[in-house]
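Visitor: pasting the sequence and the predicted model now:
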Amino acid sequence: MLKEGDIAPSFCLPNELDERICLKDFTGKWVVVYFYPKDMTPGCTTEACDFSDNFLEFKDMKTEIIGISPDAPKSHTKFIEKYSLQHILLSDPEHDVLEKFGVWQMKKLYGKEYMGVVRSTFLINPEGKIAKVWEKVKVKDHVEDVKGSLNDLIS
């Protein structure tokens, strides 16, 4: 897992329209990159909707929001349409970026082990360095925590 002060790994991934979006596209801006396991699941839906509901506040702080999961672009299209999501969702089915950020890890459910996404969020500063990391995120109040940390860093 990456830590505060590390340079954020560069990446380019497809969005719901299969357009390549790269982290370098946002140089000079704050960027929230959150990793989540799966579209349309309860926790992931709550998290995505919370970020989307706060989209304008993040915009006012000159901050982009990017959600990344292993889901395909088509899945993101349905997710965005169903919940009117306003922020960027990117697809990483090969787990390349998930692995670069250290969020593709061994997980356990009902005694079975499997590889999966550990819900995590990274706040990247305008110079491309990681300013804050949230590991093993609990969805409740997470977006408020991210906004508060961002506000502290930019003021």
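Guide: Okay, I see it.
Visitor: quick one: low-confidence ranges for the chain?
Guide: Within the chain, the set of residues satisfying pLDDT under 70 is empty.
Visitor: so for it, the centremost residue is which one?
Guide: Most central in the chain under C-alpha atoms, centre = their mean is residue 34, positioned 1.7 Å from the mean C-alpha point.
Visitor: what about that residue, which SS state?
Guide: Of the three states, residue 34 takes strand under DSSP: H, G, I helix; E, B strand; the rest coil.
Visitor: is the residue lying closest to it once chain neighbours are set aside bridged to anything, and to what?
Guide: What sits nearest to residue 34 in space, not counting adjacent residues and going by C-beta to C-beta, 6 or more residues apart in numbering, is residue 121, at 4.3 Å. Quick note: C-beta positions are derived from backbone N, CA and C, even for glycine. Beta-bridge pairing for residue 121 (DSSP bridges): residue 34, residue 134.
Visitor: ok, which stretches of the chain are strands?
Guide: For the chain, the strands defined by DSSP state E cover 12-14, 20-22, 30-35, 63-69, 88-91, 104-109, 112-117, 120-124, 130-134.
Visitor: no further queries at this time; thank you.
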